[in-house]
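K.L.:
All I have is the shape, not the residue letters:
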C-alpha cells in the first residue's frame with residue numbers, strides 16, 4: 001500500500017511541477033514582453049498585470065506547494081532531527097504532517113467554499129478585461145488539495161516507520 005501511495009505522490013509531484021513550471025515560463029515571457037513593449041515602443045500589454053497577478057502567480061505558488069513537500073525540499077530546521085534514529089525522525093514527520101493536514105485542510109475547505117461561491121455567482125474581475133474570478137480562486141483549492149494528499153501520504157509513511165523501524169525511503 002505504501003508503494004502505491006508513493007506512486008500517487010510521485011504522480012502529483014510530476015503533474016503539479018509541470019503546471020508550476022509552465023506558469024513560471026509564461027509569467028517570465030509575459031513580463032519580458034510587457035516591459036519590452038512598454039519601454040521600447042510605449043505600448044504595454046494591457047492585460048499582462050491581470051494575468052500575472054490573478055492566474056500565473058497563484059498557479060506557480062499553489063501548484064509548487066505539494067511537489068516541494070513531496071521531495072522534502074521545503075525549508076526545514078533539521079539540525080536535531082537528522083541526529084535522531086529512524087523512529088524519532090518518523091515521529092517528527094508524523095507531528096509536522098498532522099499539523100500540515102490540519103492547517104492545509106482548513107485552507108482547502110475555506111478556499112473551496114470561496115471558489116464555489118464565485119463560480120455559482122459567475123463573478124468577474126472589474127478590469128479592462130472582465131476575467132472570471134472563479135478561475136483564479138480555483139487555483140488555491142486545487143493546489144492545496146495536492147499538498148493535503150502529500151501530507152496524508154507522508155503521515156502514513158511516518159506511521160509505518162514508527163511501527164516497523166524501517167525508514168520510508170527503504171520501505
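P.N.:
Received the coordinates, thanks. Keep in mind that this is a model prediction, so the values were computed, not measured.
K.L.:
Spell out for me which residue occupies the centre of the protein.
P.N.:
Centrality entry for the chain: nearest residue to the mean C-alpha point is residue 65, 2.7 Å, by Cα atoms, centre = their mean.
K.L.:
any idea how far the nearest residue to that one once chain neighbours are set aside is from residue 141?
P.N.:
For residue 65, ignoring the flanking residues on the chain, the nearest one in space by Cβ to Cβ, 6 or more residues apart in numbering is residue 147 at 4.3 Å. From N, CA and C alone the C-beta is placed, and that goes for glycine too. Per Cβ to Cβ, to the nearest Å, residue 147 is found 11 Å from residue 141.
K.L.:
These two: who's more crowded?
P.N.:
residue 147 (27 against 21; other Cβ atoms under 10 Å).
K.L.:
which SS state does the more buried one fall under?
P.N.:
Following DSSP: H, G, I helix; E, B strand; the rest coil, the label given to residue 147 is helix.
K.L.:
Ok, residue 92 next?
P.N.:
Per three-state DSSP, the secondary structure class of residue 92 is helix.
K.L.:
any idea how far it is from residue 4?
P.N.:
24 Å.
K.L.:
and the residue nearest to the centre of the chain, what is it in contact with?
P.N.:
With contacts defined as Cβ atoms under 8 Å, 6 or more residues apart in numbering, residue 65 is in contact with 16, 143-144, 146-147.
K.L.:
any idea which element residue 116 lies in?
P.N.:
Applying DSSP states H and E as the criterion places residue 116 in helix 86-121.
K.L.:
which strands and helices sit next to that helix?
P.N.:
Applying 3 or more Cβ pairs under 8 Å, 6 or more residues apart in numbering; DSSP states H and E, one finds that helix 86-121 makes contact with helix 133-164.
K.L.:
Could you tell me which ranges of this structure sit under the pLDDT cut-off?
P.N.:
1, 169-171 (pLDDT under 70).
K.L.:
how about it, which residue sits the furthest from its center?
P.N.:
What lies farthest from the middle of the chain is residue 41; by Cα atoms, centre = their mean that is 37.3 Å.
K.L.:
What sits closest to residue 128 if chain neighbours are left out?
P.N.:
In space, residue 128 is closest to residue 46, 5.7 Å off (Cβ to Cβ, 6+ apart).
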